[in-house]
Structure formats: C-alpha cells, structure tokens
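S.K.: Just need the structure, nothing else, for what follows:
(one chain, ligands or ions: 1)
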Amino acid sequence: LTVELTVLGTSGGYAGPGKACSGYLLRGAAGTLMLDIGPGSLANMLKYIGADDLGALSITHMHYDHYVDIYGLLTARRFWESPLPPLRVYAPSGAEEFLSRVISERSRKEFSACLEITEHEPWSEREVEGFKLITAPSRHVVESYSFRIEAEGKSVCYSGDTDICDELIELAEGVDLLICESTFTSEVSEKEKGHLSGIEAGEVAVRARAGSLMITHVWPTLSGERAVEDAGSGYRGPVMLAREGMVIEL
Ligand SMILES: [Zn+2]
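M.R.: Predicted structure coming up:
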C-alpha cells in the first residue's frame, strides 16, 4: 500500500508562465484528498482523476490563489452525467458564505447543494478518505491553517501560507516530507510578513527534523532554484523544488 502525492500547482500569489497556483493531490488505498485548489490546479487535477473521483478537498485559507478553481470543480460535479454526492470540503470559518458571494442569487442554492463544508478547528484530527488530517493554525494575514496528513505509516506536512511560527514546527515534527512555502528568496532584501523565505523554510525543516523538504509557492518573478539553495544552506536533508506534474510515492 502506498500514498501518492501529485503536485498540481506551485506558484505563489499568481500563476507564473505555464504554471498553476497551489494544489496537491493525495491518493491512497481508501480515497483521494486534494489540498488547496488554486487557479490552474483543476486543469492539472483532471489529468489524473475525474471530477467525480475526488473524495474530499481541504483548503488552507480563503485567498483566491488557494481556492478559486473550486468553482470549476463544483460546476463539473453539478452537471455530471449521474448525480454526485456533495463534495466534502474542509475550510476556514465562514467559507460557505465567502464562496457563495460571487454566485448569482438564483444559483446559490444549487451551488451550496454541491458542497458539504466542515470548518477547520485548530489542532483537530479527522479521518478523511482514509487519511488522518491534522490541522494547525498558521500565521498568515487571514485565518489560515497548515496540514499534516498521515496514512500507511507515512506523513506529509503542507505549510499553506504562513510566516515562521511554532505551530508549523510542532505540526511538522518528524514528518517524511515537508511541503513548505517559500514565497521569497534571498533575491529580495526584505520579505513581506505572513510568508516564509527559502532560508526560513530550511529553518522550519531543521527544527521539525523533517525527512525531506519540497519548496513551493515561490513568487513567479523570483527563482525557485534560488529558494532551494537558500533552504539548503541550513537544512542538510534532500530539498526539491515543487513542479506541476511531479508524482512522489511517500
Ligand atoms: Zn498564496
């Protein structure tokens, strides 16, 4: 039995040329779980599974680069050739109201019927599609979470968008793979608060004793290779740069 991670989108803030924003697909023996669904990630998801095959979706925070393709996914499911159950979505508080804001009044009910939202709670542990999903609050500019997923004795932690914080280090403790945002690199002298730099992503991996590190969510005008170098200056384990289409067996 294996758990397979497929990288669907890696761009930070907006989609870089030919790339997509945050999206990660986990496939295990008991089901499928997608983490974030940023612009372009649905197109990539559909290369691997059908819109009817996704078991559940977990969203780190309600910034458009992490959720906006949910509209496409729900459109596909709503008009599927045979009726589909509502998609189970785990999301920050107020997500249902937030998502329905751009839906026209007359379609709002049908839209909501395609969804079954459970709001995240800090440090909750849930069984989702055969995975254990653990959520920790992260330090971003809106309510935001990091996830740890465990299955078949393997573990992966996904930072979402966050500044450096003890919660992420605690959540990622001893994880096999840490997927960590590195919005900024050493190309910029000062980063924006609420995000990590490559050096900080390396620091998180060191402090959490992560088995390996995947750098993601790099700002499109900055260098992903530079972010990897920055992270590797402190962290001695394997560091890779997330790329769309990457499939990793955990
Ligand atoms: Zn983001």
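S.K.: what stretches of the protein score poorly on pLDDT?
M.R.: Per-residue confidence for the chain (pLDDT under 70) gives these ranges: 1.
S.K.: interface residues of it facing the ion?
M.R.: D65, D161 (Cβ under 5 Å from the ion). C-beta coordinates here come from the backbone N, C-alpha and C atoms, glycine included.
S.K.: Tell me how far Y24 lies from the ion.
M.R.: To the ion, Y24 is 13 Å away according to Cβ to the ion, to the nearest Å.
S.K.: helix, strand or coil for that residue?
M.R.: Following DSSP: H, G, I helix; E, B strand; the rest coil, we place Y24 in the strand state.
S.K.: That one and G38 touch, don't they?
M.R.: No - counting by Cβ atoms under 8 Å, G38 is not a contact partner of Y24; they are 10.2 Å apart.
S.K.: hey, what's in contact with both of these two?
M.R.: Contact with both Y24 and G38 is made by residues G9, according to Cβ atoms under 8 Å, 6 or more residues apart in numbering.
S.K.: quick one, helices of the chain?
M.R.: With helices called from DSSP state H, the chain shows them at 41-45, 64-67, 70-78, 95-100, 108-113, 166-171, 198-208, 224-232.
S.K.: Please tabulate those in a markdown table, including the columns mean neighbour count.
M.R.: A markdown table is the format used below for the helices of the chain (neighbours: other Cβ atoms under 10 Å):
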| stretch | mean neighbour count |
| --- | --- |
| helix 41-45 | 24 |
| helix 64-67 | 22 |
| helix 70-78 | 19 |
| helix 95-100 | 16 |
| helix 108-113 | 13 |
| helix 166-171 | 19 |
| helix 198-208 | 24 |
| helix 224-232 | 22 |
